[in-house]
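Engineer: Okay, sequence plus prediction incoming.
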Amino acid sequence: MSALTQPEAAKLDYGRLFPLYAAQALATGATTVSTVLASLIMSGLGSESLSGLPSTLIQASAAFSASFFGALMLRSGRRKGLLGAFLLGALGAVVGFVGARLHTIGLFLLGAALMGAAQGGYQQARYAAAESVPDAQRGTALGALMLMSVLGSFIMTGASGPIESLGRALGATPENAGWLVGGGLLLIAAALMLTWRPLKPVVAASVARLSVAQAFGLAGVKSTALALATAQGVMVTLMSLTPLRAHHMGVDHAGVAALISGHILGMFGFGWLTGPLVDRFGLRLGYVGGAILLLLAALTAPLSGTAWLGVSMFLLGLGWNLAFVSGSKALARTPAAQGASDSLGYIAAGTGTLLGGFIISRYGFPVLAGLCAVWSLLPLVSAWRVGQSKSG
């Protein structure tokens, strides 16, 4: 993989990245379905104490597949890897729908596992965007990708009415029907990959040849992976289990969709701002700001009233955004570390959702929120490491 010179990179046409951005937007909508609604589906299948298990399987499968897809994309290119991931996700969505429709827990969990394996691949689309531009513009490129992603999520969360109608027509719940719609979105994303012409990555050839172990030996890579894993773990844990808390509070499907819409707005809607800010002020801003916002999200989640749930979900998304943009920008410099770092993030998220379900059933949601508050402080370590290393 030959690097582009800075003058060449400056002339890149961002319009050529549109198929990638659009495909990621659709995939984000499908991810919203698979991760957020899984706990409600599991509860409806009569296993509320295991409500966190589907999300745990999604994260565990993604953890196993992320390194595989990372290596595949380094060897065969981003387009082939992303195409395969989108198709795998579509298959998983259909399997999950059928399993939920038939009230077969094992089949639904298989669909969740396939969806997770797909996420381990297509979430790496952000690196395809970031590595196509110079380092000084990577935060902006990532922010633009996130801004596009919010469209796909809003399509999904804003379509609660049509999804409910589809569910009635199929004799299924709205949550089950949402999985089927998610599969359709992933098929469209796969079709978009056939039209995308990847740009040559702006990565030094010597760095591109590093092994995973060598990449993690570089200064700042471990602390970057820590920030990414923390942000992913805290965000997925609270995002997956807050809808269950809202359900216990009597919030209906439309209300849960509204909460998720606010969360998605925080995650992706401010990419136009957070990306350039990280480019302008550096990685430390993202790590410190992300940690503070994640902390506030955890502290407001157990407060009384659905309004506080909305505030918490928004702050949770925005805190993840800041930490994720910074960490992804830093890792765009070391492709060999990307898949393994994503695997660590999925492991953190899977562990959080699995333990979270047990903690809620035994000790209550406030205890889980308090533990997440402590967990959210770890990116401060990454911020400190930025000052010790130019790599951050």
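Structural biologist: Sure, I can see it. Numbering: from 1, shown residues only.

Engineer: wait, A330 sits on G282?
Structural biologist: No: contact status for A330 versus G282: not in contact, 10.2 Å apart, counting by Cβ atoms under 8 Å. C-betas here are computed from N, CA, C, even on glycine.

Engineer: Name the nearest residue to L166, ignoring sequence neighbours.
Structural biologist: Take L166 and drop its neighbours on the chain: the residue closest to it by Cβ to Cβ, 6 or more residues apart in numbering is A177, 4.5 Å away.

Engineer: What count of nearby residues applies to that neighbour?
Structural biologist: In terms of burial, A177 registers 25 neighbours under the definition other Cβ atoms under 10 Å.

Engineer: what's the distance between it and G96?
Structural biologist: 11 Å (Cβ to Cβ, to the nearest Å).

Engineer: For the closest residue to A85 other than its chain neighbours, give me its contacts.
Structural biologist: Excluding its sequence neighbours, the residue lying closest to A85 (Cβ to Cβ, 6+ apart) is G121, at 2.8 Å. Neighbouring residues of G121 by Cβ atoms under 8 Å, 6 or more residues apart in numbering: 65-66, 68-69, 72, 81-82, 84-85, 88.

Engineer: cool, V94 as well?
Structural biologist: Counted by Cβ under 8 Å, 6+ apart, V94 has contacts 111, 180, 183.

Engineer: element containing it?
Structural biologist: Secondary-structure element containing V94, defined by DSSP states H and E: helix 78-101.

Engineer: Mean confidence (pLDDT) on that helix, please.
Structural biologist: Across helix 78-101, the average pLDDT comes to 93.

Engineer: Check the chain for its longest helix and report it.
Structural biologist: The helix spanning the most residues in the chain, taking DSSP state H as the definition, is helix 221-248.

Engineer: Give me the buried positions along that one.
Structural biologist: Of the residues in helix 221-248, those buried under the neighbour-count criterion (16 or more other Cβ atoms under 10 Å) are 221, 223-247.

Engineer: next helix or strand past it?
Structural biologist: As assigned by DSSP H and E, the chain's next helix or strand after helix 221-248 is helix 253-268.

Engineer: how far off helix 221-248 does that next one point, in degrees?
Structural biologist: Here helix 253-268 runs at an angle of 160 degrees relative to helix 221-248 (axes from the mean of the first three to the mean of the last three Cα atoms, to 10 degrees).

Engineer: just to revisit the earlier point, how far out from the middle of the chain is the following helix or strand past the helix holding V94?
Structural biologist: Using DSSP H and E, the helix or strand that directly follows helix 78-101 along the chain is helix 105-122. The gap between the average C-alpha position of helix 105-122 and the chain average comes to 14 Å, counting by Cα atoms, centre = their mean, to the nearest Å.

Engineer: Helix 105-122 relative to helix 78-101, how many degrees between them?
Structural biologist: Using the same axes, to 10 degrees: helix 105-122 against helix 78-101 is 160 degrees.

Engineer: CA atoms only: put helix 105-122 into PDB for me.
Structural biologist: The C-alpha atoms that make up helix 105-122 are tabulated as PDB, following Å, rounded to 0.1, in the frame of the first residue of the first chain:
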ATOM      1  CA  ILE A 105     -34.200 -18.600  21.800                       C
ATOM      2  CA  GLY A 106     -31.300 -20.600  20.400                       C
ATOM      3  CA  LEU A 107     -32.100 -19.400  16.800                       C
ATOM      4  CA  PHE A 108     -32.500 -15.800  17.900                       C
ATOM      5  CA  LEU A 109     -29.200 -15.900  19.700                       C
ATOM      6  CA  LEU A 110     -27.500 -17.400  16.600                       C
ATOM      7  CA  GLY A 111     -28.800 -14.400  14.600                       C
ATOM      8  CA  ALA A 112     -27.400 -12.100  17.300                       C
ATOM      9  CA  ALA A 113     -24.000 -13.800  17.000                       C
ATOM     10  CA  LEU A 114     -24.000 -13.400  13.200                       C
ATOM     11  CA  MET A 115     -25.000  -9.800  13.500                       C
ATOM     12  CA  GLY A 116     -22.100  -9.300  15.900                       C
ATOM     13  CA  ALA A 117     -19.600 -10.900  13.700                       C
ATOM     14  CA  ALA A 118     -20.700  -8.600  10.900                       C
ATOM     15  CA  GLN A 119     -20.300  -5.500  13.100                       C
ATOM     16  CA  GLY A 120     -16.700  -6.600  13.800                       C
ATOM     17  CA  GLY A 121     -16.100  -6.000  10.100                       C
ATOM     18  CA  TYR A 122     -18.200  -3.100   9.000                       C
END
